[in-house]
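Colleague: Pasting a predicted model and its sequence here:
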Amino acid sequence: MTDNPYGPEWVRHDATAADGIRLAYWTAGQGAPLVLIAGQAVDHRSWQIVGPGLLRDRQIVIFDHRGIGDSELGEAERFTTRLFADDVVHILDDAGIERADVVGHSMGGRVAQWLAIVHPERVRKLVLVSTSAGDAHGPRRSDEADRAIRSRDRKEVASVFWDEAQDDLVRLLAVGRDRTALARHHRASRAHDTLDDLPRITAPTLVLHGELDALTPVENARVLDTRIPGARLTVIKGAKHGVLLDGGIGMQIADRFLRRPLRSALPEAPADR
């Protein structure tokens, strides 16, 4: 939300990572903290719909991954999803937040897994959206989806996220321009593997996925659901990889889950919608 397109309530801050690089993040609102973790190589603008949509009675934190947007690059050869999770901890520390709800989309969901595994005391509830335990543990993306992503054409990429991508959705795919960072983000995401560590997640967890996700096929969500203790899977019929980002039913389901008291955090809805 660079230049505060939604008003002055979005305030820019800078945190310092363990290796000394600057991490740009933005906050808005007051109330229960919620951190939104964006996908591979996209900056904080991917939350332009969801951020304001979830703002009521919350403090929202969004940020740019290292090497993307307003955050510094650092040593790109060291990029891993676990390192990105450590960056989130430094952002929470800088913001004075001890514990937060966490929503991660796509690669952001992979980062969120490590955050909940390694830093369980920092995660109150967890929502994993359109993500997986690693490429080795589920079917690969379709050839069509792979071609669209590699095209780097935002409208082509958007076709993998939504059936009808209007301009207000296409602009959410604000991919960074530094080729080194893009390549290292891709490598970090592809190398992700939490399968054996997922049972260590203690936060109440909602796994949210689109039925027609060709980028991360829905079987990957079922692996997460099986491996994370007490997790609940919700599959949204007809939805693709962009579920939640468009502010539709996915965002509403996540919002209801996050607002439930901890004792009844798991949704009562059936697994498939």
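Modeller: Yep, that arrived.

Colleague: Let me see the ranges of the strands in the stretch 151-273 of the chain.
Modeller: Per DSSP state E, counting those that start in this stretch, the stretch 151-273 of the chain carries strands over the ranges 205-210, 232-236.

Colleague: Format those as TSV; extra columns: distance to residue 13 and mean pLDDT.
Modeller: C-beta: built from backbone N, CA, C; applies to glycine. Output for the strands of the stretch 151-273 of the chain, formatted as TSV (distance: least, Cβ to Cβ, whole Å; pLDDT from 0 to 100):
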stretch	distance to residue 13	mean pLDDT
strand 205-210	28	98
strand 232-236	33	98
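
Colleague: Most tightly packed of those?
Modeller: Mean neighbours per residue, mean count of other Cβ atoms under 10 Å, is largest over the strands of the stretch 151-273 of the chain for strand 205-210, with a mean of 27.

Colleague: hang on, the earlier thing: please tabulate the strands of the stretch 151-273 of the chain in a markdown table, including the columns distance to residue 162.
Modeller: A markdown table is the format used below for those (distance: least, Cβ to Cβ, whole Å):
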| stretch | distance to residue 162 |
| --- | --- |
| strand 205-210 | 9 |
| strand 232-236 | 12 |
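
Colleague: right, and those - which one's nearest residue 17?
Modeller: strand 205-210 (26.0 Å; Cβ to Cβ).

Colleague: packing partners for that closest one?
Modeller: Using 3 or more Cβ pairs under 8 Å, 6 or more residues apart in numbering; DSSP states H and E as the contact test, the elements touching strand 205-210 are strand 123-129, helix 219-227, strand 232-236, helix 249-259.

Colleague: quick one: average confidence on the first one?
Modeller: Over the span of strand 123-129, the pLDDT mean works out to 98.

Colleague: Number the chain from 27, please
Modeller: In the new count, where the first residue is 27, that last one comes out as strand 149-155.

Colleague: what angle separates that strand from strand 258-262?
Modeller: For strand 149-155 against strand 258-262, the angle by axes from the mean of the first three to the mean of the last three Cα atoms, to 10 degrees is 30 degrees.

Colleague: Sheet partners, orientation included, of strand 149-155?
Modeller: Each strand paired with strand 149-155, and its direction, by DSSP bridges: strand 126-131 (parallel), strand 231-236 (parallel).

Colleague: Residues contacting the last one, please?
Modeller: Contacts to strand 231-236, defined as Cβ atoms under 8 Å, 6 or more residues apart in numbering, come from residues 142, 151-156, 242, 244, 246-247, 250-251, 254, 256-262, 264-270, 276, 279-280, 283, 292-293.

Colleague: run the last query once more with 7 Å
Modeller: 152-156, 244, 247, 250-251, 254, 257-262, 265-267, 269-270, 276, 279-280, 283, 293 (Cβ atoms under 7 Å, 6 or more residues apart in numbering).

Colleague: quick one on the thing from earlier: include distance to residue 208 when you put the helices and strands packed on strand 231-236 into TSV, please.
Modeller: Conversion of the helices and strands packed on strand 231-236 to TSV gives the following (distance: least, Cβ to Cβ, whole Å):
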stretch	distance to residue 208
strand 149-155	21
helix 245-253	22
strand 258-262	29
helix 275-285	26
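
Colleague: between these, which gets nearest to residue 55?
Modeller: Nearest of the helices and strands packed on strand 231-236 (Cβ to Cβ): helix 275-285, 13.6 Å.

Colleague: Run the chain-centre distance for the closest one.
Modeller: In this view, helix 275-285 has its centroid 14 Å away from the chain centroid, taken as Cα atoms, centre = their mean, to the nearest Å.

Colleague: Pull out the buried residues from that helix.
Modeller: Across helix 275-285, burial judged by 16 or more other Cβ atoms under 10 Å covers 275-277, 279-281, 283-284.

Colleague: Can you list the helices and strands that that helix packs against?
Modeller: On a contact count with 3 or more Cβ pairs under 7 Å, 6 or more residues apart in numbering; DSSP states H and E, helix 275-285 meets strand 149-155, strand 231-236, strand 258-262.

Colleague: nearest to residue 216, of those?
Modeller: Nearest to residue 216 among those is strand 149-155; the distance by Cβ to Cβ comes to 17.8 Å.

Colleague: quick one, the closest one and helix 245-253 angle?
Modeller: Going by the same axes, to 10 degrees, strand 149-155 makes 150 degrees with helix 245-253.
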